[in-house]
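>>> Build me a model:
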Amino acid sequence: MRDAGNISVPLDWSKAKAQLEKESGDFCVFGGEPLLAGIPHLREVFEFGLRKSGRNSIQTNGTLITDEHIKLFKEFNVGVGISIDGPGELNSHRHGNSVLSTDEGTRRTQRAIEALCAQGRPPGLIVTIHAGNAGSPIKILKLLLWFEALESIGIKWINLHVLEDEVNVHGLAMSNERMIYAFTEIYEWSKRRKVEFQPFTDIHRLLRQTDANKVSCIWNNCDPQTTAAVHGISPDGTRSNCGRTNKDGVNWVKADTPGFERYLALYHTPQEFGGCADCRFFSLCRGQCPGTAIDHDWRNRTVHCEFWFSLFKRIESELGNMSVTRDPKRIKDLENRLLGNWAGDRGTDAHGDSPHGDSHGDSDHGDSHGDHNDTPVNWVENRHEAGL
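Numbering: from 1, shown residues only. Model prediction:
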């Protein structure tokens, strides 16, 4: 959107608020960096959120969090999500204007995490896995030691993201093989810890069909023209879809009704042509997020298919007969129900939960990209320095 010149829109909180009034559920404030907005305006937004739904959430890099912000979070029941890729050099690619400012920013984020934990409000963390923090065994070891330290201060939830291939800045995106190695190492370590790690918990839920309606939206047949899990609201009050599906820089207006053509096509299209035909995990994975599709074409399956298949296969082997994929009749029933629902444009998934799957962010964790909740989360977007 920056490249296309569509990043800056006028700030009109009254219009954004009017749009939020029309939406159900709570909302997450995100950016850009939303804490660039001043305390008075954040207070105004959080007062509205508390009146509307009794809770708030925010997604931030944490560098600007002060004691005053923490008081505000406590006063207005704000769940905080923090994006950070590790300590020290592991976070160096979330860079500032210099090496010194980058290092200081990382230290400030770490102090913010510790301060929130000390106040009994541990944030949820988003950690994007890439060559900069998991590209070698020694980096993975440093990452695991950091996770262990986070657990010791009270962190309960960490969402591991895969770096999208088009964001291959400085060669950070890893091959499927390297990602499989990194995630497998983290997974094996995580089995001995109390911290909940996505995507591992999601895959367990899907394979066992236990709480499978609580998994992230990336598994829930998202229609890229409506992105039901994300109702974005821009600073000028206009509605938008999830940013992951926006590959051409145009903030397309939401379609009035969802469609599930992608998933019907994936089911029938051979894998050599970008589809998912005959994949035994299709009813659970569903081609994954359309925002990560091959050739940036949402009609295809995810470009990370080999990686996700490997994780499903590994966890399936551990679950044995507890995995639904080991029961041909049960997996076929799931498949038939999905196909019937998609053909009828109802969108209800095989678990019988609400249309279009799950939300894109849970206020409990403050995560604006990939947590779980049964109500769509409205995003208040920051597309300029004002922060909202």
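>>> burial count for the nearest residue to Trp342 once chain neighbours are set aside?
Take Trp342 and drop its neighbours on the chain: the residue closest to it by Cβ to Cβ, 6 or more residues apart in numbering is Phe260, 3.8 Å away. (C-beta placed from N, C-alpha, C; glycine too.) Using other Cβ atoms under 10 Å, Phe260 has 21 neighbouring residues.
>>> For Gly320, see how far away Phe260 is.
Phe260 sits at a distance of 32 Å from Gly320 (criterion: Cβ to Cβ, to the nearest Å).
>>> cool, and Gly154?
34 Å.
>>> Show me which of the two is the more surrounded one.
Set side by side, Gly154 and Gly320 show more neighbours around Gly154, with 16 against 8, by other Cβ under 10 Å.
>>> Next, the more buried one: phi, psi?
Main-chain dihedrals, Gly154, degrees, to the nearest 10: phi 120, psi 0.
>>> Kindly report the same for the one 4 residues further on.
Backbone geometry at Ile158, expressed as degrees, to the nearest 10, gives phi -130, psi 130.
>>> Was I right to think it contacts Val195?
Yes - under the criterion of Cβ atoms under 8 Å, Ile158 is in contact with Val195, at a separation of 5.8 Å.
>>> Between those two, which contacts overlap?
Taking Cβ atoms under 8 Å, 6 or more residues apart in numbering as the contact rule, Ile158 and Val195 both touch Phe147, Leu150.
>>> higher neighbour count, the two?
Between Ile158 and Val195, Ile158 has the larger neighbour count (other Cβ under 10 Å), namely 21 against 16.
>>> got a pLDDT number for that one?
Looking at Ile158, its pLDDT stands at 97.
>>> Excluding covalently adjacent residues, which one is nearest to it?
Closest to Ile158 by Cβ to Cβ, 6+ apart is Leu125, at 4.7 Å.
>>> Next: Glu44.
Trp13 (7.2 Å).
>>> So that neighbour sits against Leu42, correct?
No - if you go by Cβ under 8 Å, Trp13 and Leu42 don't touch, sitting 11.2 Å apart.
>>> more crowded one of those two?
More crowded of Trp13 and Leu42, by other Cβ under 10 Å: Leu42, with 23 against 19.
>>> helix, strand or coil for that one?
helix (DSSP: H, G, I helix; E, B strand; the rest coil).
>>> Quick check, pLDDT for it.
The predicted local confidence for Leu42 is 97.
>>> distance of the residue nearest to it when sequence neighbours are not counted from His41?
Distance criterion Cβ to Cβ, 6+ apart; nearest residue to Leu42, sequence neighbours excluded, is Leu72 at 6.3 Å. Distance, Leu72 to His41, by Cβ to Cβ: 11 Å.
>>> ditto for Ala265
44 Å.
>>> what about the helices in the stretch 1-150 of the chain?
Under the criterion DSSP state H, counting those that start in this stretch, helices of the stretch 1-150 of the chain are mapped to 13-22, 39-53, 67-75, 99-118, 131-134, 137-153.
>>> ok, and which of those has the densest surroundings?
Mean neighbour count, computed with mean count of other Cβ atoms under 10 Å, is highest for helix 131-134 among the helices of the stretch 1-150 of the chain, reaching a mean of 24.
>>> what is the mean pLDDT for that helix?
So the average pLDDT for helix 131-134 ends up being 95.
>>> my read: the residue nearest to Leu42 touches Gly38, true?
No - applying Cβ under 8 Å as the test, Leu72 and Gly38 come out as separate, 11.2 Å apart.
>>> which ones are touching Phe307?
Phe307 makes contact with Val162, Asn176, Met179, Ile180, Phe183 under the criterion Cβ under 8 Å, 6+ apart.
>>> Ok, Gln19 next?
Gln19 makes contact with Ile233, Gly237, Thr238, Arg239 under the criterion Cβ under 8 Å, 6+ apart.
>>> Export those as a markdown table, with columns for distance to Cys305, neighbour count and secondary structure.
Shown next, in a markdown table, are the contacts of Gln19 (distance: Cβ to Cβ, whole Å; neighbours: other Cβ atoms under 10 Å; DSSP: H, G, I helix; E, B strand; the rest coil):
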| residue | distance to Cys305 | neighbour count | secondary structure |
| --- | --- | --- | --- |
| Ile233 | 33 | 23 | strand |
| Gly237 | 38 | 19 | coil |
| Thr238 | 34 | 17 | coil |
| Arg239 | 31 | 15 | strand |
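>>> how about JSON lines for those, with distance to Cys28 and pLDDT added?
Converted to JSON lines, the contacts of Gln19 look like this (distance: Cβ to Cβ, whole Å; pLDDT from 0 to 100):
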{"residue": "Ile233", "distance to Cys28": "10", "pLDDT": "89"}
{"residue": "Gly237", "distance to Cys28": "17", "pLDDT": "89"}
{"residue": "Thr238", "distance to Cys28": "17", "pLDDT": "87"}
{"residue": "Arg239", "distance to Cys28": "15", "pLDDT": "87"}
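>>> among the residues you listed, which two are most distant?
The most widely separated members of these are Gly237 and Arg239, with 8.2 Å between them, by Cβ to Cβ.
>>> what about Gly154, distance to Val45?
Relative to Val45, and taking Cβ to Cβ, Gly154 is found at 27 Å.
>>> same check, this time on Arg111
24 Å.
>>> which stretches of the chain aren't confidently modelled?
Counting by pLDDT under 70, the low-confidence segments of the chain come to 165-170, 345-388.
>>> Swap in 50 and give it another go.
Low-confidence segments of the chain, defined by pLDDT under 50: 349-377, 379, 381-388.
>>> can you give me the strands in it?
27-29, 56-60, 78-83, 124-129, 157-162, 196-198, 230-233, 239-240, 377-380 (DSSP state E).
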